[in-house]
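Novice: sequence first, then the predicted structure, then my questions.
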Amino acid sequence: MKDNFDLIIIGGGILGTSISYFLSFLNKSKNIAVIEQENSVAQHTSGRNTGKVHAPYLYNPEKKKLFANSAFHGYEMWKEYSKLHNLPFKEDGVIEVALDEKGIKVLEKYLKWGIENGLEETDIKLIDKKELKKSEPEIKCEAALYVHRDGSTDYSTLTNSIMNDSKKNGINFLFNKKITQIKKNNDKWEITINGDNKIFTNFLINAAGGQAINIAHNMGVGKNLTDVHFRGEYWKTPKKYHNLTKTSVYSVPEFPDYPFLDPHWIVRVDGSCEIGPNAVPVFSPYGYEITENIKKFIPKILEMLGSGARKTIFDKQFQELAFSEIQSSISKTVMIKRVKQFIPKINPKEITVKGTSGIRSSVIDEYGKFVPDVILLQGNSSFHILNYNSPGATGALPFSVHVINQLQKMGMFENEDTNAQCGPWKFNEIIEKLEK
């Protein structure tokens, strides 16, 4: 294995792979690699999700502007890419329901946000329960936001496809390479993988998802930030429920300042249906099983107690919400009853098969507050992408262009062809759209 690189991307999720995709078209001279600890791309959050291509109506245009902008343009880009490569993409929309007057006020706010984030009036519409009954008779609510510009796909398949494009253009993918140490060695980063193998790079991009905070801390970056992990669990419904609704149904979150999601009714791209996710606190970005959480419990608790997260874990409302999510994990009925409120026809006794769990890592600042937007930090010959959560998969393509553009401003790719044709898109044209 070559041990010297000009640039290494840590993380073979949808973001790290998308960055490699655009660099593979732009770059004509640099030796670039993606390091991934698993045996393929998209093995964690990028492949363990609902597969939704989100419209940017849930995102405050002031607090989550970059996420919202990326999601808006990402929708069309994934649609175009999927068509070009004959990959699954279904424009099926989503319905957000309000169960009371308070929820209707939230839907009115979402409608406003959606328009401010670029949606047209034909893309998003607030309707009353009588109008909804005409198209979705099984949904019970007081009002609904019908978002037509929302879709379904399989992000694992998409990530594998863009990886293959990157490889064809000369990007190296180094799989089964677990990083055990990163340190500066003269003017290069020395990365120890699998305990004893060392590779070197001039520059490093940290796109490691659930491990991104740990890597940043090891490199002296973002020391005021802490991450907390939440496992999202799913239940698969029997085939008799697959045509219960035409599209996915979400309910208005009761506590939007916390990363606790009221479970949704999910219609996947293949037509199957699931209920989920909840948000169960766990102690590792890979805490799918109890053994991993037991192993990481003490070091994670000590880390949180020594950071701003201490204020969060002693907050009474947070504790109550966390306990509620744990209950939804222990009891299938508790979780399914949340969805039964707006789709009363479902019967918990008929839902017996668990889906694939995924883990979301959220960042807490030194004041004990959850950070709402993505965090981009420049380090010594490094660039760190932290708190990259939903709608991260939707916006991965344009967001990757944004990251590379930031690196260009730092002088990293100043000699590359920024007018390059990157698959179906010109690099500069994507930047222009993002900066409008």
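Specialist: That came in fine, so what should we check first?
Novice: could you pull up the residues touching the nearest residue to residue 4 once chain neighbours are set aside?
Specialist: Excluding the flanking residues, the one nearest residue 4 by C-beta to C-beta, 6 or more residues apart in numbering is residue 200, at 5.1 Å. The way it works is simple: take the backbone N, C-alpha and C, and place the C-beta from them, glycine included. By C-beta atoms under 8 Å, 6 or more residues apart in numbering, residue 200 lies in contact with 3, 4, 5, 185, 188, 189, 190, 191.
Novice: please identify the buried residues of the one helix or strand residue 200 maps to?
Specialist: Counting by DSSP states H and E, the element that carries residue 200 is strand 197-206. Across strand 197-206, burial judged by 16 or more other C-beta atoms under 10 Å covers 199, 200, 201, 202, 203, 204, 205, 206.
Novice: pretty sure the fifth one contacts residue 410?
Specialist: No. Using C-beta atoms under 8 Å, residue 203 is not in contact with residue 410; the gap is 9.3 Å.
Novice: list residues touching both of the two?
Specialist: Counting by C-beta under 8 Å, 6+ apart, the common neighbours of residue 203 and residue 410 are residue 383.
Novice: next helix or strand past the helix or strand encompassing residue 109?
Specialist: Assigning secondary structure by DSSP H and E places residue 109 in helix 101-116. Proceeding C-terminally, helix 101-116 gives way to strand 124-128 as the next helix or strand, assigned by DSSP H and E.
Novice: the helix or strand just after that next one: how far from the chain's middle?
Specialist: Downstream of strand 124-128, the first helix or strand assigned by DSSP H and E is helix 129-135. Relative to its chain's centre, helix 129-135 lies at 32 Å (C-alpha atoms, centre = their mean, to the nearest Å).
Novice: buried sites along helix 129-135?
Specialist: Residues residue 132 are the ones in helix 129-135 that count as buried (16+ other C-beta under 10 Å).
Novice: and residue 64, what pLDDT?
Specialist: Residue 64 carries a pLDDT score of 86 in this model.
Novice: go on, residue 354?
Specialist: With respect to pLDDT, residue 354 scores 95.
Novice: tell me the contacts of it?
Specialist: Residue 354 sits next to 233, 234, 235, 236 when contact means C-beta under 8 Å, 6+ apart.
Novice: equivalent analysis for residue 224, please.
Specialist: Residue 224 is in contact with 308, 365, 366, counting by C-beta under 8 Å, 6+ apart.
Novice: just confirm it is within a strand.
Specialist: No. The assignment for residue 224, made by DSSP: H, G, I helix; E, B strand; the rest coil, is coil rather than a strand.
Novice: how close does it sit to residue 353?
Specialist: Using C-beta to C-beta, to the nearest Å, one gets 43 Å for the distance from residue 224 to residue 353.
Novice: low pLDDT regions in the stretch 251-400 of the chain?
Specialist: Scanning the stretch 251-400 of the chain for pLDDT under 70 picks out the ranges 259-261.
Novice: which stretches of it form strands?
Specialist: Per DSSP state E, counting those that start in this stretch, the stretch 251-400 of the chain has strands spanning 264-267, 273-276, 280-282, 353-354, 358-364, 375-379, 382-386. These are given in chain order.
Novice: for the longest helix out of those in the chain, which residues meet the burial criterion?
Specialist: Longest helix in the chain by number of residues (criterion: DSSP state H): helix 65-85. By neighbour count on 16+ other C-beta under 10 Å, the buried set for helix 65-85 is 66-75, 77-79, 81-82, 85.
Novice: for those residues, which one is nearest residue 382?
Specialist: Using C-beta to C-beta, residue 66 is the member of those that sits closest to residue 382, with 19.8 Å.
Novice: which residues touch the closest one?
Specialist: Residues near residue 66 by C-beta under 8 Å, 6+ apart: 373, 374, 399, 402.
Novice: swap in 7 Å and give it another go.
Specialist: Applying C-beta atoms under 7 Å, 6 or more residues apart in numbering to residue 66 gives the contacts 373, 374.
Novice: give me the phi and psi angles of residue 249.
Specialist: With angles defined as degrees, to the nearest 10, residue 249 sits at phi -130, psi 120.
Novice: ugh, wrong one, residue 181
Specialist: Backbone torsions of residue 181, given as degrees, to the nearest 10, read phi -160, psi 140.
Novice: got the contact list for the closest residue to it other than its chain neighbours?
Specialist: Nearest residue to residue 181 in three dimensions, chain neighbours excluded: residue 192, at 4.1 Å (C-beta to C-beta, 6+ apart). By C-beta under 7 Å, 6+ apart, residue 192 lies in contact with 180, 181, 198.
Novice: reformat the residues you listed into JSON lines and put pLDDT next to each item.
Specialist: Output for these, formatted as JSON lines (pLDDT from 0 to 100):
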{"residue": "180", "pLDDT": "93"}
{"residue": "181", "pLDDT": "93"}
{"residue": "198", "pLDDT": "93"}
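Novice: now distance to residue 98 too, for those residues, in CSV please.
Specialist: Shown next, in CSV, are those (distance: C-beta to C-beta, whole Å):
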residue, distance to residue 98
180, 49
181, 51
198, 56
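Novice: so which of these is the closest to residue 294?
Specialist: Ranked by distance to residue 294 (C-beta to C-beta), the contacts of residue 192 are led by residue 180 at 21.6 Å.
Novice: sec struct for that closest one, please.
Specialist: Applying three-state DSSP: residue 180 is strand.
Novice: what's the neighbour count on it?
Specialist: Residues near residue 180, counting by other C-beta atoms under 10 Å, number 12.
Novice: ok, it touching residue 195?
Specialist: Yes. Because the distance of 5.5 Å satisfies C-beta atoms under 7 Å, residue 180 is recorded as touching residue 195.
Novice: returning to that earlier point: in helices only, show me the contacts of residue 354.
Specialist: Among the contacts of residue 354, no member falls in helices (criterion: DSSP H).
Novice: show the end-to-end separation of stretch 346-355, please.
Specialist: 17 Å (C-alpha to C-alpha, to the nearest Å).
Novice: list the buried residues of that stretch.
Specialist: For stretch 346-355, by 16+ other C-beta under 10 Å, it's 346, 348, 351, 355.
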